[in-house]
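Engineer: need a 3D model of the following:
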Amino acid sequence: MSQYMIETNNLTKKYGEQAGVFEASLHVRPGRIYGLLGRNGAGKTTIMRMLLGLTEPTAGQIQIFGKPLHGNERRILPHVGSLIESPGFYPNLTGTENLRIFAKLRRIKNPEAIPEALALVNLPYKDKKLFSQYSLGMKQRLAIALTVMHDPDLLILDEPINGLDPIGIAEVRRFIRELCDKRGKTIMISSHILSEIALLADDIGIIDHGRLLEEESLHELEQKNCRYIYLEVSEPERAARLLAEQFALSGADCETDGGKGLCIYKMQVQIQDILPVLVQNGFAVSCAKICEDTLEDYFKKVTGGEGIA
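Structural biologist: Residues are numbered from 1 along each chain as shown. The predicted structure follows:
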């Protein structure tokens with residue numbers, strides 16, 4: 001039995017000569033939320049479509065629930081809930097009526113499936129409001145209700161908070177976390193919104209230009225984020241040389257940022273010790289503070305890019 005709910009080995013998808021995804025090896029552990037993080041166009045949706053059998057891989061293997069997906073689709077996929085694109089809801093029907101149609105198509109026998117799914121996403125059961133009258137947030141919540149209605153063990157959600165306002169984002173985040181913590185679901189979620197992944201995910205995979213660059217728990221990533229002293233000082237290059245000499249700093253311990261900024265990564269050195277040395281040697285210090293890298297900073301380091309706008 002595999003220790004992973006989802007495991008891929010060198011998963012690749014090529015479109016002609018161009019690789020949309022290249023040799024991605026993912027590991028999604030049971031009972032956790034896995035955040036697939038990357039810019040728009042990085043390959044997140046392509047990976048999810050391959051996991052759901054919607055797109056055929058060019059190369060590589062996929063295992064779900066410890067079994068190869070290829071050849072086992074009919075046994076595996078009924079236990080997976082997915083939200084890749086907006087479902088085709090009927091605009092002239094209510095949310096409950098729409099779910100009833102899908103329940104019949106999926107042969108869901110549990111009479112409580114629809115009211116329980118609606119309650120989870122905080123939508124009323126047997127409400128009179130038509131789908132066409134729903135706000136964007138309500139439409140997204142109904143889509144997630146459809147995803148969980150058949151009580152799947154694994155959820156694969158592509159950008160479920162995309163386009164929502166802050167209140168809608170907070171609501172979606174709450175019931176996704178609840179699905180994991182209270183109902184034991186394993187959830188894979190993609191996003192290009194760093195702050196939301198940081199608040200929601202237990203494990204993170206960073207993808208860029210189709211390549212999975214990093215895969216670690218959020219706790220491990222946070223430990224990698226370094227703390228440092230940031231100074232804005234006149235003549236930063238000369239100040240760096242002085243501090244390196246005074247406090248036995250290496251080039252990696254003390255770096256300028258190309259402007260007036262100076263970063264000291266050796267945290268054994270204290271701000272209260274640095275400032276008198278600089279002032280006594282004629283430097284003007286306009287800013288002195290302790291900083292800590294964010295997930296955005298780490299993403300930039302890993303991708304070598306400008307961030308994740």
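Engineer: downstream of the strand ranked longest in the chain, the next helix or strand is which one?
Structural biologist: Using DSSP state E to define each element, the chain has its longest strand at strand 6-15. Going down the chain from strand 6-15, the next helix or strand is strand 18-24, by DSSP states H and E.
Engineer: which intervals of this structure have sub-threshold pLDDT?
Structural biologist: Across the chain, the ranges flagged by pLDDT under 70 are 1, 224, 305-309.
Engineer: residue contacts, the residue nearest the centre of it?
Structural biologist: In the chain, the residue lying closest to the centroid (CA atoms, centre = their mean) is residue 35, at 3.2 Å. Residue 35 sits next to 189-191, 197, 200-201, 203-205, 218 when contact means CB atoms under 8 Å, 6 or more residues apart in numbering. All C-beta atoms are positioned from the backbone trio N, CA, C, and that covers glycine.
Engineer: make it 6 Å
Structural biologist: By CB atoms under 6 Å, 6 or more residues apart in numbering, the contact list for residue 35 reads 189, 197, 201, 204.
Engineer: how many residues are close by the second one?
Structural biologist: Pointing back at residue 197 there. When neighbours are counted by other CB atoms under 10 Å, residue 197 registers 24.
Engineer: pull the contacting residues for it.
Structural biologist: 35, 37, 191.
Engineer: that one should be in a helix, yeah?
Structural biologist: Yes. Secondary structure assignment places residue 197 in a helix (DSSP: H, G, I helix; E, B strand; the rest coil).
Engineer: so how far is residue 296 from it?
Structural biologist: Look at residue 197 and residue 296: by CB to CB, to the nearest Å, they are 11 Å apart.
Engineer: before we move on, back to that, considering the contacts of residue 197, which is situated nearest to residue 79?
Structural biologist: Distance to residue 79, by CB to CB, is smallest for residue 35 among the contacts of residue 197, at 21.5 Å.
Engineer: contacts for whichever strand or helix holds residue 60 next, please.
Structural biologist: Per DSSP H and E, residue 60 falls inside strand 59-64. Here strand 59-64 makes contact (CB under 6 Å, 6+ apart) with 6-12, 69, 76.
Engineer: which ones are touching residue 160?
Structural biologist: Here residue 160 is in contact with 83, 172 (criterion: CB under 6 Å, 6+ apart).
Engineer: partners of the nearest residue to residue 267 once chain neighbours are set aside in the sheet?
Structural biologist: Using CB to CB, 6 or more residues apart in numbering and skipping the chain neighbours, the partner closest in space to residue 267 is residue 227 (5.8 Å). As for beta bridges, residue 227 partners with residue 292 under DSSP bridges.
Engineer: can you count the residues close to residue 227?
Structural biologist: Quick note: residue 227 (other CB under 10 Å) scores 10 neighbours.
Engineer: verify the stated contact: it with residue 292.
Structural biologist: Yes. Contact criterion CB atoms under 6 Å: residue 227 and residue 292 qualify, at 4.8 Å.
Engineer: between the contacts of residue 197, which sits nearest residue 141?
Structural biologist: Nearest member of these to residue 141, counting by CB to CB, is residue 191, at 17.0 Å.
Engineer: can you tell me how far the closest residue to the closest one other than its chain neighbours is from residue 44?
Structural biologist: Counting by CB to CB, 6+ apart, residue 197 is the residue found nearest to residue 191 once chain neighbours are left out, at 5.2 Å. Distance, residue 197 to residue 44, by CB to CB: 11 Å.
Engineer: same check on residue 232?
Structural biologist: From residue 232 to residue 44 the distance is 38 Å (CB to CB).
Engineer: mind listing what's buried in the helix of greatest length in the chain?
Structural biologist: With secondary structure taken from DSSP state H, the chain has its longest helix at helix 166-181. Using 16 or more other CB atoms under 10 Å as the test for burial, helix 166-181 gives 168-169, 171-173, 175-177, 179-180.
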